[in-house]
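Chemist: next input, structure requested:
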Amino acid sequence: MINHLNFNAKGGLVKVETGENTKGPYANVRLAIEDKWTDAQGEKQTRTSYITVHCPKDWMVSKLDHAKPGNRINFEGFIKTSEYEDSSGQKRSGTDFYASDLEIIFDDRRHNHRAGS
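Modeler: Residues are numbered from 1 along each chain as shown. Okay, here's the model as predicted:
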């Protein structure tokens, strides 16, 4: 598959939202990603970006109910970028990640929550 990605999130968990729609249970995981750099004038800069991970499988939802900030979560899936207009009419873009698999690590113990496990 083109656009297939694995990534590990640790410490950036902001929120896990769970619910149900016409396709069944889902979870959306919001992660904060902090960038730090020094600009051309020598000033330290910080920018926080957010990424949403969509977890559409019911087994993912039940496992993510127990995820807390600081847990390491390994995600596998694909990314999708979309453009939208914010409330002030400014064009923005967002990047979403659609998980096909995940693994949560609590206190450095692996809890493999893959499909079929």
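
Chemist: what pairs with the most centrally placed residue in the chain across the strands?
Modeler: Nearest residue to the geometric centre of the chain (CA atoms, centre = their mean): residue 53, 3.4 Å. Note on residue 53: beta-bridge partners residue 29, residue 97, judged by DSSP bridges.

Chemist: need the contact list for it.
Modeler: By CB atoms under 8 Å, 6 or more residues apart in numbering, residue 53 lies in contact with 9, 28, 29, 30, 31, 75, 77, 96, 97, 98, 99. All C-beta spots, glycine's among them, are computed from the backbone N, C-alpha and C.

Chemist: quickly note the distance from it to residue 89.
Modeler: 28 Å (CB to CB, to the nearest Å).

Chemist: any idea of the pLDDT on the residue nearest to the centre of the chain?
Modeler: With respect to pLDDT, residue 53 scores 88.

Chemist: now the one 3 residues further on
Modeler: Here the pLDDT value assigned to residue 56 is 83.

Chemist: mind checking the SS state of residue 41?
Modeler: Taking DSSP: H, G, I helix; E, B strand; the rest coil as the rule, one finds residue 41 in the coil state.

Chemist: from residue 69, how far off is the nearest residue to residue 94 once chain neighbours are set aside?
Modeler: With CB to CB, 6 or more residues apart in numbering as the criterion, residue 94 has its nearest non-adjacent residue at 5.6 Å, and that residue is residue 82. Distance of residue 82 to residue 69, computed by CB to CB: 26 Å.

Chemist: now the residue nearest to the centre of the chain: how far from residue 40?
Modeler: According to CB to CB, residue 53 and residue 40 sit 34 Å apart.

Chemist: may I ask which helix or strand of the chain has the lowest mean pLDDT?
Modeler: When the helices and strands of the chain are scored by mean pLDDT, DSSP states H and E, strand 109-111 comes last with a mean of 50.

Chemist: wait, is the residue nearest to residue 94 part of a helix?
Modeler: No. Note on residue 82: no helix contains this position according to three-state DSSP, which reports strand.
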